[in-house]
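Visitor: below: sequence and its predicted model.
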Amino acid sequence: MKSKHLLALSIVFALVGCGNDSDDKPLPPVVTEPDNRPTIDGFENNSSINLNSEMVGLEGQELIDALTVELNKGLTARTGSFRILPKWGMGEESWDNLNFTVVQDGEDFVFKTTVDQSIFNMPSAENPNINNGFSFLIELPNGLVREAAMKYQVKWEHSFKQSPDYTFFGGFTSGDPLVENKPTVNGAGFTYKLNLDKYGYMNTRFADATDDGKQGKFFNTQLQMNDLGLRVDSAKWHQFQIDMITNNYVGNANTKDGAVNISYNGVPTTNTKGAVTDRTMIDFTHNYKLAALFEFYRHYKHTNDTSDQLKQQTIYVKDLVIAWSTDKVTLPDQTIPPVVEAEAPEVTPIGLITIEDYGHIDYQVVADDPNGLVMTFSIENAPSWVTIDTNTGLISLAPTGDVKLGLHSFNVKVANENLSTTVLAQVMLTEAGSVVPTPNACSDTGEKSRVLDLEKVKGLTGQGLIDAIAYQLNGAKNGSTHYDENRVNMAVVTLPDGELVLEVNFPQNVRGNSTPDNGTSFKLPFPAQDIAPTNACIAYDVMFKKSTATAANFDEIYVPNLIIAHGSRVFRTLQYTSNKYERMSANFGNAPHSHMGWLDNSSNTQFKAGSWYTTKQTVTADDTGKGYIDLMKKDAAESNNAFASYFNADPGKFDGKPMNEVQVQLSDVKAAEPMSFMANFDIYRRPTAGTGKEDQSFYFKNIAIGWN
């Protein structure tokens, strides 16, 4: 890269301590010793921060002020001045800890920061009061500079054999560096920084306008020297230099000649994906302002590692040099209006519409056009008793007595002058108060219980499916039940033997209760009663598609369970989960039932893949709220078998009593509302190491709830 009339400054830094997710790594190349001179070749002017004994122990705003003064020594009104913008580690926010200071390291004075044990990801209001490195921007005196370079030296305390860390190192950004990597607001710009993985290999974490908001070619690629991966170790200084030149504009024409080069200990590196050249680093609408980005923190944990393997870490950085040219980026002569692509209207999915006793209902279709165009509404394949206002989207449903009860379906089409969107509408016609008692596992007579008829909900998806389930189990109106975590991977399907089942799916390598597609999540209050019940039951037949006891699939997956509530407040969640022993475990994590967590003394009652098992969970309490919890099981194929309590006695638990004979306080005695119950369909694979390496499905049928 060219460099002329350049100004450089050097800083002595020290800090604390991500990457390719692969275990196949080559041997490290032979590397040269670092160049300790605080300058960059070809950059004539430099200034340094004089870290000394008087700065030892400074933190927060005092340290920021001292650094800003040192950075701007020798600069003039013509050159402009540096500005430091803290992100974290400076104690600027209530959620932020002081984690950036000056210490003495041999004959040097350096900066130091720490990373707490088990911690990864950046501190924030949602992740408060943790020590995980620090982050700040150093805005260049001339933010429109086109060509710049920086280098620094870094070392850390613990080797990767002790702590499998993934750590971000400093770089350049043209905007907000809260990187996923989304470089900026206001148009598209760039963020270029380095990424150290658990094996000691250096990688890029690059994003720019060429990538158009996606993970592009150089988002996560390995740096190399002599055709071998660049690998570093702890307890010695390593020098990195980043040179960059952004693209330019001639009139409104993009030169597309942006480039980035990385050097290690003064020697140029290569990239496994080729040279980072011919890049559009900033687009024509970008609010460009160049800054050096310093955020050194542990940002990731490998799937094969556990949190307790992440040790407390310390990283040191020194000899920072920033250099830049006097050439400025030439921005477009005028703003080029963006081309508005044709887009279809956005239409909110229509849930199941239930009409009792041939009533008349109006339903408003909710739609929006991204470009503000006029929309028209129409219906396709609709019954004669369904009409729609073509201008407003108001659907009128007025079935007469000669219309067949059951499910009716049609399409709603919303169009603008260019494109259209079609959504499915489904209407369930029922008789008011037509719940017929059906014997089930919770009630021999069917009284004080509800059974889910899968035949009536087949073909439904999304909101329509849970609306129909809620209507059958508790008479809820449409839209009153919602998915809690946007997990909707559930459908009514027909198995090869012709049996109708509720299928809940868990894709390969998907875990956690907030991960899309990981099962499903919704809650159904039991039907309202004149006298609040103190006993409750949920029962169903369950079958696993695959074994939960293979090395590839140690699946811990929650199954439907009971919730004890007071009004709308959840008081107790009595969860059960599959485990790697092909058994079921209680997982009552909340007091006073936490001592019942992970009970599993049922060695002879396994759940084998491909077989149906009938299970029943019960809660029985007296008027004081004291009572018993039980899980019962029998083989579904042997209908004459009686239910047996699932858990055996354990000499080390509850004085040798089985769980179902242990009396516990089930309700909140101080609550204003009486005890009530919910059926909890929060079904998902737990984020446990070793789980979910394969896809999995759980099947349910004969689902029932009961109370008294």
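Guide: Yep, that arrived. Numbers count the residues shown, from 1 in each chain.
Visitor: contacts, neighbours, all on C-alpha from now
Guide: Fine.
Visitor: enumerate every residue touching Phe206.
Guide: By Cα atoms under 8 Å, 6 or more residues apart in numbering, the contact set of Phe206 is Asn181, Phe190, Thr191, Tyr192, Lys193, Gly216, Phe218, Phe219, Asn220.
Visitor: try Ala291
Guide: So Ala291 contacts Leu137, Ile138, Glu139, Leu140, Gly143, Phe172, Thr173, Ser174, Gly175 (Cα under 8 Å, 6+ apart).
Visitor: state the phi and psi torsions of the first one.
Guide: Backbone geometry at Leu137, expressed as degrees, to the nearest 10, gives phi -100, psi 140.
Visitor: how near is it to His286?
Guide: 18 Å (Cα to Cα, to the nearest Å).
Visitor: higher neighbour count, those two?
Guide: Leu137 (23 against 19; other Cα atoms under 10 Å).
Visitor: model confidence for the more buried one, exactly?
Guide: For Leu137, the pLDDT comes out at 91.
Visitor: before we move on, back to that, and which of the contacts of Ala291 is nearest to Asp227?
Guide: Set against Asp227, the nearest of the contacts of Ala291 by Cα to Cα is Phe172 (25.7 Å).
Visitor: wait, a strand at the closest one?
Guide: Yes - counting by DSSP: H, G, I helix; E, B strand; the rest coil, Phe172 is part of a strand.
Visitor: give the contact list for Gln241.
Guide: Contact analysis of Gln241 by Cα under 8 Å, 6+ apart lists Ala149, Met150, Lys151, Tyr152, Ile262, Ser263, Tyr264, Gly266.
Visitor: I'd like the contacts of Ala291 as JSON lines, with distance to Lys608 appended.
Guide: Below are the contacts of Ala291 laid out as JSON lines (distance: Cα to Cα, whole Å):
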{"residue": "Leu137", "distance to Lys608": "56"}
{"residue": "Ile138", "distance to Lys608": "60"}
{"residue": "Glu139", "distance to Lys608": "61"}
{"residue": "Leu140", "distance to Lys608": "64"}
{"residue": "Gly143", "distance to Lys608": "65"}
{"residue": "Phe172", "distance to Lys608": "55"}
{"residue": "Thr173", "distance to Lys608": "54"}
{"residue": "Ser174", "distance to Lys608": "56"}
{"residue": "Gly175", "distance to Lys608": "54"}
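Visitor: neighbours of the closest residue to Pro651 other than its chain neighbours, how many?
Guide: Using Cα to Cα, 6 or more residues apart in numbering and skipping residues adjacent in sequence, the residue nearest Pro651 is Lys657, 7.6 Å away. Residues near Lys657, counting by other Cα under 10 Å, number 15.
Visitor: picking up where we left off before, buried ones among the contacts of Phe206?
Guide: Buried members of the contacts of Phe206, scored by 16 or more other Cα atoms under 10 Å, are Asn181, Phe190, Thr191, Tyr192, Lys193, Gly216, Phe218, Phe219, Asn220.
Visitor: quick check: the fifth one is in a strand.
Guide: Yes - with three-state DSSP as the criterion, Lys193 is part of a strand.
Visitor: quick check, pLDDT for it.
Guide: Reading off the model, Lys193 has pLDDT 93.
Visitor: can you check the second one too?
Guide: In the prediction, the pLDDT value recorded for Phe190 is 91.
Visitor: the nearest residue to it once chain neighbours are set aside and Gln224, how far apart?
Guide: Nearest residue to Phe190, sequence neighbours excluded (Cα to Cα, 6+ apart): Asp208, at 3.9 Å. Using Cα to Cα, one gets 22 Å for the distance from Asp208 to Gln224.
Visitor: so between those two, which is more surrounded?
Guide: Taking neighbours as other Cα under 10 Å, Asp208 and Gln224 compare with Asp208 leading, 29 against 21.
Visitor: number of residues surrounding Asp227?
Guide: Neighbours around Asp227, by other Cα under 10 Å: 12.
Visitor: who's in contact with the nearest residue to it once chain neighbours are set aside?
Guide: Distances taken as Cα to Cα, 6+ apart place Thr270 nearest to Asp227, at 7.9 Å, with adjacent residues excluded. Contact analysis of Thr270 by Cα under 8 Å, 6+ apart lists Leu223, Gln224, Met225, Asp227, Ile262.
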